[in-house]
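S.K.: Quick one, fold the following:
(one chain, ligands or ions: 1)
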Amino acid sequence: MPRSDAVRVIVGGIERTDSVRAGLVAAPDAAYFLVHDAARALTPPELIVRVAAELEAGHSAVVPAVAVADTIKSVDAAGVVTGTPDRSGLRAIQTPQGFTADVLRAAYASAGVAATDDAGLVERLGVAVRTIAGDPLAFKITTPLDLRLAEAVLAGSDLTGTVAR
Ligand SMILES: C[C@](O)(CO)[C@H](O)COP(=O)(O)O
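M.R.: As a prediction, the model looks like this:
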């Protein structure tokens, strides 16, 4: 991908999809898009580079994934367990999520856009979403405990390579 020092900040929206739509409009000539959560503020640049490299290698949709450490259960409206999916086939998905521009634009052209991540929209098109190894440092900072962990990282505890499983 060509390097660019030009960064243009645009106003986002209330929902993730509103912000992504604004990005799509703001960059009509882009060949690729990386959609990232600001909450994943400690994402190592190396992970961003790896996602971009997969796009350049010809994949249309790329997401970082990490193994699920807990047993995951489905529950009904009353909170009663209805099933225990095999966790070996489950992954927690991070950002940045990378897409070729045509794929992301097609996903957003579909009516009734609603998903917890952009890859979910792309999956509905029938496009294969490739997973690559995520990074524990790309965790979302959304709770007080997350913030404490982030502060510990920023205070100089180099956790790179120590928190990977
Ligand atoms: C996109 C995401 O980070 C993938 O795990 C996640 O779905 C974001 O969820 P949020 O509730 O919008 O933070």
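
S.K.: got the residues of the chain near the ligand?
M.R.: In this structure, the chain approaches the ligand at residues 16, 37, 39, 93-95, 116-117, 140, judged by Cβ under 6 Å from any ligand atom. The way it works is simple: take the backbone N, C-alpha and C, and place the C-beta from them, glycine included.

S.K.: Check which helix or strand residue 147 maps to.
M.R.: helix 144-154 (DSSP states H and E).

S.K.: residues of that helix that come out buried?
M.R.: For helix 144-154, burial by neighbour count (16 or more other Cβ atoms under 10 Å) applies to 149, 153.

S.K.: still on that earlier bit, top of the residues of the chain next to the ligand by neighbour count?
M.R.: Most neighbours among the residues of the chain next to the ligand, by other Cβ atoms under 10 Å: residue 94, with 26 neighbours.

S.K.: Isn't that residue up against residue 138?
M.R.: Yes: applying Cβ atoms under 8 Å, one finds residue 94 in contact with residue 138, separated by 4.5 Å.

S.K.: Which neighbours do these two have in common?
M.R.: Taking Cβ atoms under 8 Å, 6 or more residues apart in numbering as the criterion, residue 94 and residue 138 both touch 40, 43, 47, 64.

S.K.: and the gap between residue 93 and residue 18?
M.R.: Separation of residue 93 from residue 18 (Cβ to Cβ, to the nearest Å) stands at 20 Å.

S.K.: which parts of the host helix or strand of residue 66 are buried?
M.R.: For residue 66, the host element (DSSP H and E) is strand 61-67. Judged by neighbour count (16+ other Cβ under 10 Å), strand 61-67 contains these buried residues: 61-66.

S.K.: Over to stretch 72-79?
M.R.: Within stretch 72-79, no residue counts as buried by 16+ other Cβ under 10 Å.

S.K.: distance between the ends of that stretch?
M.R.: Stretch 72-79 stretches 13 Å from its first residue to its last (Cα to Cα, to the nearest Å).
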